[in-house]
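Asker: I'd like to go over a predicted model; first the sequence, then the structure.
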Amino acid sequence: MSSTKSQKNGKKVLDLHPENNFTTSPPTNAAGSEKAPDYSCERLFAVTGNPVLHSKSPLIFNTLFRELSIDALYLRVAASTPLEALFLSRKLKLTGMNVTAPFKKSIMAFLDSVEEAAAVIGGVNTIVLEDGRLRGYNTDYTGVTRSLRERGITIGGRNCVVLGAGGAGRAAVYGLIKEKGDVCLVNRTYEKAVAAAKDLGCRAEKIEQLESLLQKADIFVSTLSSSVDIVPGEWLPGSLVVFDANYKSSPLSQKAQARGCCVLKGEEWLLHQALPAFRYFLAATGLNGALKLQEKELSKSFAGVQGAVFQKSPLPAGGKKKNLTSTIKSSLLSRPPGFKNISLVGFMGSGKTIIGKKLAAKMGFFFVDTDEQIEIETGCSVPEIFESRGEAGFRALEKSVIKKLLLEGSGTVFSCGGGVVTDEENRRILAENSVVIWLYVTVRTALGRIRRGTRPLLDGEDRGRRARSLLSSRLPFYSRAAHIIVSSENDVDEVVEKIHEEISKTFEN
């Protein structure tokens, strides 16, 4: 193994220990054992943004799809621009997509229609493909109002202060006004607050007035980054409801808790904006009938998630019937094994080897090409193995190598063969022992990179037809295996930088 590794050059190996659970549990039958599902009719949905690897949305939506027996899967799509996000959406044939920062506003220009609420707020967080047209919606504002309502907090007639005039802040203002709250918008750049307040129909105040505003406020919504610490604890009366839009613990939420305030966090916002987005997704697929059948259970479950998940009450005792609430709660509170490796999967010609080598060098990781490792262990080239043992023989060798390398490896970037994901056990081992990155490439680009005679599965006439058929058959498996999708249509160095950025922003403290 050491013969195929690059040196670490003394660089630090990331301790990949995310707070969010990346794994998606396999479907099970009534007895609890795994079954082999047919993914051919599966609909795909995703969340996109920059970055997006940190997103917990797949946990929520995949749990909903699984519990309601809906044949669908929810992914993460990395992109550097809204056009790249839409390119991948089109190529992956997504039925719907959630949008997070920084694309909520900029992606609107490329949609066929935008609902009124989204137009007023100035951003979309949900896109669905209906009748060949891209339609944009905003459910962020319901994330605010529903979270407060589930906590038993009345909005109507209450003094509300919103800090931050970006997309999240504008959504919060819109929702609070819709529920008859008396809203004041504060922003560090006063002119931006004034412009937003004019659009939304509230008043604006300068940041210098924040202390006095909070002394009279009932509800305080902060949409500032966790790294921005501008609110002293003594400004927060104990009677204040503080809604911090951040997922992770922030100075604001810590101070608010210390002062005895009622504190709501970003996970609650995320969860409660997901339910209306879920309805839009089902309506776009014609599966809204399934939602109506499950509406009572769905509403009941979501109503209990706030207390169960975000206040981290104990899991139900063994033997009790699990409902949707406890399932989502278990997912969000559980932690996966430490991710100490990165696995690159994707179609042949996606650039896994060259990208993997550069990524490993940039991160100070080892590098292993699983095909090269098979050649080292057998003394034969991949084409020779296919000729002598057939594809089944090669896959058996591949599975053995994957199992050994992933279970033993640490601080390694693995470049995996294009067909590694077709085996269910391989997918499980990859997901449990590494961050799995699907390098998406079109057939046209892939064929332009592949030399004839080097890929046995493409040998023969009409390479294009063979490649399209092969890629089509593997797409469902790449979807099931990947924690995130990154386009490798771009320059190699751009792809490496994109992956490094996603990893760093998600896992490094």
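Answerer: Sure thing, it's come through.
Asker: C-alpha from now on. contacts and neighbour counts both.
Answerer: Will do.
Asker: Next up, the contacts around the residue of the chain most remote from its centre.
Answerer: Distance from the centre of the chain peaks at Ser388, with 42.0 Å (CA atoms, centre = their mean). Shown in contact with Ser388 (CA atoms under 8 Å, 6 or more residues apart in numbering): no residues.
Asker: and what of the one 10 residues further on?
Answerer: Residues in contact with Glu398, defined by CA under 8 Å, 6+ apart, are Thr370, Asp371, Ile374, Val420.
Asker: Assign it to one of the three secondary structure states.
Answerer: Three-state call for Glu398 (DSSP: H, G, I helix; E, B strand; the rest coil): helix.
Asker: per-residue confidence at it?
Answerer: On pLDDT, Glu398 comes in at 93.
Asker: cool, and Ser69?
Answerer: The model's pLDDT for Ser69 equals 79.
Asker: measure it to Val263 for me?
Answerer: 34 Å (CA to CA, to the nearest Å).
Asker: Give the buried residues for stretch 494-509.
Answerer: Val495, Val496, Lys498, Ile499, His500, Glu502, Ile503, Ser504, Thr506, Phe507 (16 or more other CA atoms under 10 Å).
Asker: Using CSV, list the CA coordinates for stretch 228-237.
Answerer: Only the C-alpha atoms of stretch 228-237 are listed here, as CSV (Å, rounded to 0.1, in the frame of the first residue of the first chain):
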residue,chain,number,x,y,z
VAL,A,228,-19.9,37.8,14.1
ASP,A,229,-20.2,38.6,17.8
ILE,A,230,-21.6,42.1,18.3
VAL,A,231,-24.4,41.6,20.9
PRO,A,232,-23.2,41.7,24.5
GLY,A,233,-25.1,39.4,26.9
GLU,A,234,-26.2,42.3,29.1
TRP,A,235,-28.3,43.6,26.2
LEU,A,236,-30.5,40.4,26.4
PRO,A,237,-33.4,40.6,28.9
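Asker: Can you list the buried residues in it?
Answerer: Taking 16+ other CA under 10 Å as the criterion, stretch 228-237 shows Val231, Gly233, Trp235, Leu236, Pro237 as buried.
Asker: Which member of those is positioned nearest Leu397?
Answerer: Checking the buried residues of stretch 228-237 against Leu397 by CA to CA gives Val231 as the nearest, at 58.6 Å.
Asker: how much space is there between the closest one and Gly164?
Answerer: For Val231, the distance to Gly164 - CA to CA - is 13 Å.
Asker: same check, this time on Gly122
Answerer: Distance of Gly122 to Gly164, computed by CA to CA: 14 Å.
Asker: Same drill for the two, tell me which one is more crowded.
Answerer: Gly164 (24 against 21; other CA atoms under 10 Å).
Asker: Kindly state the pLDDT recorded for that one?
Answerer: 96.
Asker: tell me the contacts of the residue nearest to it when sequence neighbours are not counted?
Answerer: Excluding its sequence neighbours, the residue lying closest to Gly164 (CA to CA, 6 or more residues apart in numbering) is Asn187, at 4.9 Å. Asn187 makes contacts with Leu163, Gly164, Ala165, Ala193, Glu205, Lys206, Ile207, as judged by CA under 8 Å, 6+ apart.
Asker: now the second one: how far from Arg188?
Answerer: I take that to be Gly164. From Gly164 to Arg188 the distance is 7 Å (CA to CA).
Asker: before we move on, the earlier item: how about the contacts of Glu398, which pair is most distant?
Answerer: Ile374 and Val420 (12.6 Å).
Asker: Those two: who's more crowded?
Answerer: Under the criterion of other CA under 10 Å, the comparison of Ile374 against Val420 puts Val420 first, with 24 against 20.
Asker: Please verify my assumption that the more buried one contacts Asn426.
Answerer: Yes. Between Val420 and Asn426 a contact is recorded at 6.6 Å, counting by CA atoms under 8 Å.
Asker: At which residues are the strands of the stretch 151-300 of the chain located?
Answerer: With strands called from DSSP state E, counting those that start in this stretch, the stretch 151-300 of the chain shows them at 159-163, 182-187, 203-206, 219-222, 241-244, 262-264.
Asker: Which among the ones you listed is found nearest to Pro51?
Answerer: Pro51 lies closest to strand 241-244 among the strands of the stretch 151-300 of the chain, at 19.8 Å (CA to CA).
Asker: name the helices or strands packed onto the closest one?
Answerer: strand 219-222, helix 251-258, strand 262-264 (3 or more CA pairs under 8 Å, 6 or more residues apart in numbering; DSSP states H and E).
Asker: at 6 Å instead, please
Answerer: Here strand 241-244 touches strand 219-222, strand 262-264, going by 3 or more CA pairs under 6 Å, 6 or more residues apart in numbering; DSSP states H and E.
Asker: average model confidence for that strand?
Answerer: Average pLDDT, strand 241-244: 98.
Asker: Can you give the contact residues for that strand?
Answerer: The contact list for strand 241-244 (CA atoms under 6 Å, 6 or more residues apart in numbering) reads Ile219, Phe220, Val221, Ser222, Cys261, Cys262, Val263, Leu264, Lys265.
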